[in-house]
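In: All I have is the shape, not the residue letters:
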Ligand code: PYC
């Protein structure tokens, strides 16, 4: 292996990535220190990356090195235990990601042995903790209602949903109320419907579209679509946070009460909040999301300087 690396030296660029999955959803982790990225804050760093290094996002997430549903995090370390990171998908950049934070926490715990981390993200400060049994919980940013009962005219009729902010702006659509089928067999129809809604004329920002089905009062199943037809295989950390905020807002759950969020794969996050605060009559909670992640690879990506498909592609 090292001989191959030596032979390739001088022919192009290596990019080391650490791959993980969180309840089925991939996070390809890049170390920010591998790139010369100036900036004091994570927003400065992300903005530099977007303008000057977007080809790194494309080549590391897209085919042939990745795939349409690959997800990325760029992490900047500090020996003090404080980290910063930003997130990338097949279409650009997100302010926050729950499954990605769990994946990065797993990697940092594996490499440092530490159990508590704080991260500066574009959405604000997030903390995580690794329990003795290996499960990982994160405390997300304040989550709250942005807009209620928005209607969208679609090829499936009028679809109504609420937008909650949870680090990302998430439109929550109740599948039973909208007459939608959340089975895996209906995946492609739901993806197309989500893209129709995203491209509608709504002036409000929508980052994620979460199709949510109530199984019982404390158990919900969901599918989250984001980026360009990208599907979260996990229950989605910010999507679950948004739903938790909606349940708290309508007094359907109390502080400390645990809710299960199930993904299209059948994997689960547990979530709860400890207290709510009010700002200008807006109820806010800080969701806590519990899940698990595993490292799946330590990979040297290679960009041959003569490769005409150097940035990769998605079909
Ligand atoms: O876990 O928050 C999340 C997330 C956002 C997009 C994909 N996963």
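Out: Nice, thanks for sending it over. What you are looking at is a predicted structure, and each value in this text was computed from that prediction instead of being measured. Numbers count the residues shown, from 1 in each chain.
In: residues contacting residue 179?
Out: 156, 157 (Cβ atoms under 8 Å, 6 or more residues apart in numbering). For the C-beta atoms, the positions are set from N, CA and C on the backbone; glycine is no exception.
In: mind checking the SS state of it?
Out: In the three-state summary, residue 179 is assigned as coil, counting by DSSP: H, G, I helix; E, B strand; the rest coil.
In: what's the pLDDT at it?
Out: According to the per-residue confidence, residue 179 scores 95 in pLDDT.
In: Ok, residue 149 next?
Out: On the pLDDT scale, residue 149 gets 95.
In: buried ones in the host helix or strand of it?
Out: Using DSSP states H and E, residue 149 maps to strand 144-154. Residues of strand 144-154 classed as buried under the neighbour-count rule (16 or more other Cβ atoms under 10 Å) are 144, 145, 146, 147, 150, 152.
In: now for it, which elements pack on it?
Out: Using 3 or more Cβ pairs under 8 Å, 6 or more residues apart in numbering; DSSP states H and E as the contact test, the elements touching strand 144-154 are strand 157-165, helix 187-198, helix 237-249, strand 282-285.
In: One more pass at 6 Å, please.
Out: On a contact count with 3 or more Cβ pairs under 6 Å, 6 or more residues apart in numbering; DSSP states H and E, strand 144-154 meets strand 157-165.
In: Mind listing residues that contact the strand it packs on?
Out: For strand 157-165, the surrounding residues in contact (Cβ atoms under 6 Å, 6 or more residues apart in numbering) are 144-152, 169-173, 178, 204, 242, 245-246.
In: Neighbouring strands of the strand holding residue 149 in the sheet, and parallel or not?
Out: In the sheet, strand 144-154 lines up against strand 157-165 (antiparallel) (DSSP bridges).
In: what's the average pLDDT for the partner strand?
Out: Confidence over strand 157-165 (mean pLDDT, whole number) is 96.
In: So residue 185 versus the ligand, what's the distance?
Out: 22 Å (Cβ to the nearest ligand atom, to the nearest Å).
In: do the same with residue 16
Out: Summarising the geometry, the distance separating residue 16 from the ligand, computed by Cβ to the nearest ligand atom, is 23 Å.
In: For burial, what's the neighbour tally of that residue?
Out: 12 (other Cβ atoms under 10 Å).
In: neighbouring contacts of stretch 192-210?
Out: Applying Cβ under 6 Å, 6+ apart, the external contacts of stretch 192-210 come out as 147, 152, 154, 156, 163, 168-172, 222, 224-226, 239.
In: Whichever of these end up buried, select them in PyMOL.
Out: A single PyMOL command is used to select the members of these judged buried by 16+ other Cβ under 10 Å:
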select buried, resi 147+152+156+163+168+169+170+171+172+222+224+225+226+239
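In: Can you tell me which residues in the stretch 51-200 of the chain are near the ligand?
Out: Counting by Cβ under 6 Å from any ligand atom, the positions of the stretch 51-200 of the chain adjacent to the ligand are 71, 94, 97, 98, 99.
In: Inside helices: which ones of these?
Out: Among those, the residues falling in helices (DSSP state H) are 98, 99.
In: and stretch 145-161, how far from the chain's centre?
Out: When distances are taken as Cα atoms, centre = their mean, to the nearest Å, stretch 145-161 is centred 23 Å away from the chain's centroid.
In: Over to that stretch now: how far is its first residue from its last?
Out: Terminal residues of stretch 145-161 lie 11 Å apart, using Cα to Cα, to the nearest Å.
In: I figured residue 126 hits residue 118, correct?
Out: No. With contact taken as Cβ atoms under 6 Å, residue 126 and residue 118 are classed as non-touching, separated by 7.2 Å.
In: out of those two, which sits in the more crowded spot?
Out: The residue with more neighbours, out of residue 126 and residue 118, is residue 126; 25 against 15, by other Cβ under 10 Å.
In: how near is the more buried one to residue 287?
Out: 11 Å (Cβ to Cβ, to the nearest Å).
In: what sits against residue 122?
Out: When contacts are counted by Cβ under 6 Å, 6+ apart, residue 122 touches 42, 43, 46, 86, 95.
In: dump the residue contacts of the first one.
Out: Under the criterion of Cβ under 6 Å, 6+ apart, the neighbours of residue 42 are 84, 86, 120, 122.
In: same question, the third one
Out: Residue 46 makes contact with 86, 122 under the criterion Cβ under 6 Å, 6+ apart.
In: switch the cut-off to 7 Å
Out: Residue 46 makes contact with 86, 93, 122, according to Cβ atoms under 7 Å, 6 or more residues apart in numbering.
In: Strands - which of those residues land there?
Out: Judged by DSSP state E, strands contain the following of the contacts of residue 46: 86, 93.
In: between the contacts of residue 46, which is nearest the ligand?
Out: Each of the contacts of residue 46 was scored against the ligand by Cβ to the nearest ligand atom, and residue 93 proved nearest at 11.2 Å.
In: Check the secondary structure at residue 20 for me.
Out: In terms of secondary structure, residue 20 is strand; the call rests on three-state DSSP.
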